[in-house]
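[1] this one's structure only:
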């Protein structure tokens with residue numbers, strides 16, 4: 001016989017040995033009812049933990065732990081908001097970097113056309129073809145610059161010099177972009193005259209070099225800025241994970257332990273109900289006195 005059976009047997013023996021002579025008050029039933037209510041309340045707590053997965057789901061469970069948990073949840077949401085801002089800035093920076101890289105890739109072809117145009121041996125017909133290619137390349141470069149837009153911002157055409165975003169919860173910031181105005185430099189190069197070999201040669205050391213320098217400066221700056229954003233978002237992700245783990249240590253329930261506890265409480269509740277039924281029958285024995 002298990003311990004539950006022995007306990008039930010003891011309750012039955014106590015009920016037989018200690019017959020209450022009152023039909024108004026049944027102390028044994030009151031004690032049994034108190035035990036049943038206590039077990040039912042504890043069982044409800046265990047059921048709530050199993051269903052929610054939380055040992056602290058409200059202030060009534062543990063006021064101080066719940067208050068701490070709410071503060072941590074607020075920090076997690078703030079970190080998520082900062083990360084969102086960094087991701088938006090990263091998008092602007094990456095699109096600007098992509099546009100700048102595309103222009104940089106065209107510079108070799110543009111330089112090649114200018115070098116050919118600088119040759120005095122080029123015929124008039126050949127020069128016309130080279131000029132058309134030169135202008136087409138510059139038009140394509142202008143398209144790369146003007147279309148490098150993300151969320152309404154363009155960091156390489158002079159419309160938006162830079163954007164500054166929060167990088168942490170203590171007010172730190174990161175800046176993406178600078179005074180990169182590739183559009184102006186590209187337009188200056190497009191406006192030059194390459195009708196003669198001498199004028200084309202001057203362009204190589206003048207407007208072309210200016211654009212090339214601006215492109216290289218933008219590549220270096222934007223690349224560094226985007227890398228900084230990547231590092232910061234990775235750092236915030238690690239902080240968020242660690243914070244969430246700490247929150248779990250405070251509020252998460254041990255499901256294996258709670259499942260075992262729930263089973264035990266269910267058995268105790270059944271036993272308490274049976275015991276209450278037994279002690280409620282005790283006053284019936286008084287009827288024999290009136291026969």
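    The structure has been received and is ready for your questions. Because the structure is predicted, anything quoted here is derived from the model rather than measured.

[2] and the residue nearest to residue 184 when sequence neighbours are not counted, how many neighbours does it have?
    Computed as Cβ to Cβ, 6 or more residues apart in numbering, the closest residue to residue 184 that is not its neighbour in sequence is residue 158, at 6.2 Å. The way it works is simple: take the backbone N, C-alpha and C, and place the C-beta from them, glycine included. Using other Cβ atoms under 10 Å, residue 158 has 15 other residues around it.

[3] Residue 158 contacts residue 183, correct?
    Yes. Using Cβ atoms under 8 Å, residue 158 makes contact with residue 183 at a distance of 5.5 Å.

[4] Where does the prediction get shaky in this structure?
    Residue ranges of the chain with pLDDT under 70: 1-25, 282-291.

[5] centroid residue for it?
    For the chain, the residue nearest the mean C-alpha position is residue 80 (4.8 Å; Cα atoms, centre = their mean).

[6] Run through the neighbouring helices and strands of the host helix or strand of that one.
    Using DSSP states H and E, residue 80 sits in helix 63-117. Applying 3 or more Cβ pairs under 8 Å, 6 or more residues apart in numbering; DSSP states H and E, we find helix 63-117 packed against helix 124-146, strand 163-166, strand 173-176, helix 182-190, helix 197-203, helix 209-251.

[7] Deepest in the core, which of the ones you listed is it.
    Ranked by mean neighbour count, the helices and strands packed on helix 63-117 are led by helix 182-190 with a mean of 20 (mean count of other Cβ atoms under 10 Å).

[8] Run through who's touching it.
    When contacts are defined by Cβ atoms under 8 Å, 6 or more residues apart in numbering, helix 182-190 is touched by residues 100, 103, 110, 135, 138-139, 141-142, 145-146, 156-158, 203, 207-208, 210-211, 214-215, 218.

[9] quick one: it to helix 209-251, angle?
    If you take axes from the mean of the first three to the mean of the last three Cα atoms, to 10 degrees, helix 182-190 sits at 160 degrees to helix 209-251.

[10] Tell me the gap between helix 182-190 and the middle of its chain.
    Helix 182-190 sits 41 Å away from the centroid of its parent chain (Cα atoms, centre = their mean, to the nearest Å).

[11] what angle sits between that helix and helix 63-117?
    0 degrees.

[12] Roughly how far does the nearest residue to residue 131 once chain neighbours are set aside sit from residue 80?
    In this structure, residue 131 finds its nearest non-sequential neighbour in residue 194, 5.8 Å apart by Cβ to Cβ, 6+ apart. To residue 80, residue 194 is 54 Å away according to Cβ to Cβ, to the nearest Å.

[13] Equivalent analysis for residue 207, please.
    According to Cβ to Cβ, residue 207 and residue 80 sit 47 Å apart.

[14] now residue 93
    Applying Cβ to Cβ to residue 93 and residue 80 gives a distance of 20 Å.

[15] what do you get for residue 53?
    Using Cβ to Cβ, residue 53 is found at 21 Å from residue 80.

[16] what does residue 33 give?
    Using Cβ to Cβ, we find residue 33 at a distance of 50 Å from residue 80.

[17] How far does stretch 105-119 sit from its chain's centre?
    Its chain's C-alpha centre and that of stretch 105-119 lie 47 Å apart, by Cα atoms, centre = their mean.

[18] next one: stretch 36-49
    On Cα atoms, centre = their mean, the centre of stretch 36-49 falls 36 Å from that of its chain.

[19] Over to stretch 81-90?
    With Cα atoms, centre = their mean, you get 10 Å for stretch 81-90.
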